[in-house]
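Peer 1: attaching a predicted model along with its sequence, questions to come.
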Amino acid sequence: GMQRRDFLKLSAGIAAAAAFAPRARAQGTLKEIRIGYQKTGVLVITRQRATLEKHFAPQGIDVKWVEFSSGPPMMEAMNVGSVDYGAVGDSPPVFAQAAGAAIVYAAGQPITNGQGILVPKDSPIRSIADLKGKRIGFTKGSSAHNVVVQTLEKAGLTYADIIPVYLTPPDAGPAFANGSIEAWAIWDPYFAIGETRQNGRILVNAREITKTNSFYIANRDFAKNHGAILQQIVDVTTATGQWAE
């Protein structure tokens, strides 16, 4: 699991996101906050404990939760303004920035566990070099995509040495279980499920390959117009993470 210090770093960078609008600008009337989340991380616990709902109810603000299977579609939703705030891995916001998306970084935390590359238990793949020519499943533009690239580089391989199979996590699980992909780059909880229920063996732990992070992203207009609300969201999320520890 993550260390307590990781949660404390959630507040880092929030001032920059909130500073897009002068304090003199009216915050405006906000009736609903739309939070994008995945099946992992502090936001799952925050949703389960309804800590944001309890915090914002006295202000007359509702909280709506929108689930995504991975980060890239969340970034697309945030760009068009249908989601205000959410948590993703390190790669989706980079791709979104490159496409000129209307997003800002609100906070971040290191990921110390729960991501890597799985192979079947009886697979002949025993080293990174054995991935050459193999079908590796992962979500395009996700943190798992980055882990694959970094892993290959560590073994002196290139992206052209493998056969990438772009799959969302719900589709990749069955593909891994039935052998149509020979390796699966993925994050928790799918990483744990793949190991415990789908006969997986950990070939690579991401923490052994590269430093990975989780980022809390906000829609740019939301950050500009509701900086004080954004600060509160980060504060409540941080407190929930500390409770979880």
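Peer 2: Arrived safely. Not measured: the values here are computed from a predicted model.

Peer 1: just the CA trace of the lengthiest helix in the chain, in PDB.
Peer 2: Taking DSSP state H as the criterion, the chain has its longest helix at helix 227-244. In PDB, the C-alpha atoms belonging to helix 227-244 read as follows (Å, rounded to 0.1, in the frame of the first residue of the first chain):
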ATOM      1  CA  GLY A 227     -10.600  27.800  -6.600                       C
ATOM      2  CA  ALA A 228     -11.800  27.700  -3.000                       C
ATOM      3  CA  ILE A 229     -14.100  24.700  -3.700                       C
ATOM      4  CA  LEU A 230     -11.200  22.900  -5.400                       C
ATOM      5  CA  GLN A 231      -9.000  23.500  -2.300                       C
ATOM      6  CA  GLN A 232     -11.800  22.000  -0.200                       C
ATOM      7  CA  ILE A 233     -12.000  18.900  -2.400                       C
ATOM      8  CA  VAL A 234      -8.300  18.300  -2.100                       C
ATOM      9  CA  ASP A 235      -8.400  18.900   1.700                       C
ATOM     10  CA  VAL A 236     -11.200  16.400   2.200                       C
ATOM     11  CA  THR A 237      -9.500  13.900  -0.100                       C
ATOM     12  CA  THR A 238      -6.300  14.200   1.900                       C
ATOM     13  CA  ALA A 239      -8.100  13.800   5.200                       C
ATOM     14  CA  THR A 240      -9.800  10.600   3.800                       C
ATOM     15  CA  GLY A 241      -6.400   9.200   2.800                       C
ATOM     16  CA  GLN A 242      -5.000   9.800   6.200                       C
ATOM     17  CA  TRP A 243      -8.000   8.100   7.800                       C
ATOM     18  CA  ALA A 244      -7.500   5.100   5.400                       C
END
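
Peer 1: and that helix, what does it pack onto?
Peer 2: Applying 3 or more C-beta pairs under 8 Å, 6 or more residues apart in numbering; DSSP states H and E, one finds that helix 227-244 contacts helix 4-8, helix 14-18, strand 32-37, helix 42-49, helix 51-56, strand 103-111, strand 212-219. Just so you know, the C-beta spots here come from the backbone N, C-alpha and C atoms, and that holds for glycine as well.

Peer 1: in CSV: the ones you listed, plus mean pLDDT.
Peer 2: CSV is the format used below for these (pLDDT from 0 to 100):
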stretch, mean pLDDT
helix 4-8, 38
helix 14-18, 39
strand 32-37, 97
helix 42-49, 95
helix 51-56, 97
strand 103-111, 90
strand 212-219, 92
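
Peer 1: Val148: which element?
Peer 2: helix 143-154 (DSSP states H and E).

Peer 1: partner strands of the helix or strand that that helix is followed by, with direction?
Peer 2: Downstream of helix 143-154, the next assigned helix or strand under DSSP H and E is strand 163-166. Looking at strand 163-166 with DSSP bridges, its partner strands are strand 135-138 (parallel).

Peer 1: tell me the pLDDT of Ala206.
Peer 2: We have a pLDDT of 89 for Ala206.

Peer 1: typed the wrong thing, it's Ser143
Peer 2: 89.

Peer 1: tell me, how many residues neighbour it?
Peer 2: Residues lying near Ser143 (other C-beta atoms under 10 Å) number 27.

Peer 1: kindly report the same for Glu67.
Peer 2: Neighbour tally, Glu67, other C-beta under 10 Å: 12.

Peer 1: likewise Ser123?
Peer 2: Residues lying near Ser123 (other C-beta under 10 Å) number 17.

Peer 1: so which bits of stretch 166-173 are buried?
Peer 2: Buried residues in stretch 166-173, counting neighbours by 16 or more other C-beta atoms under 10 Å, are found at 167-169, 172-173.
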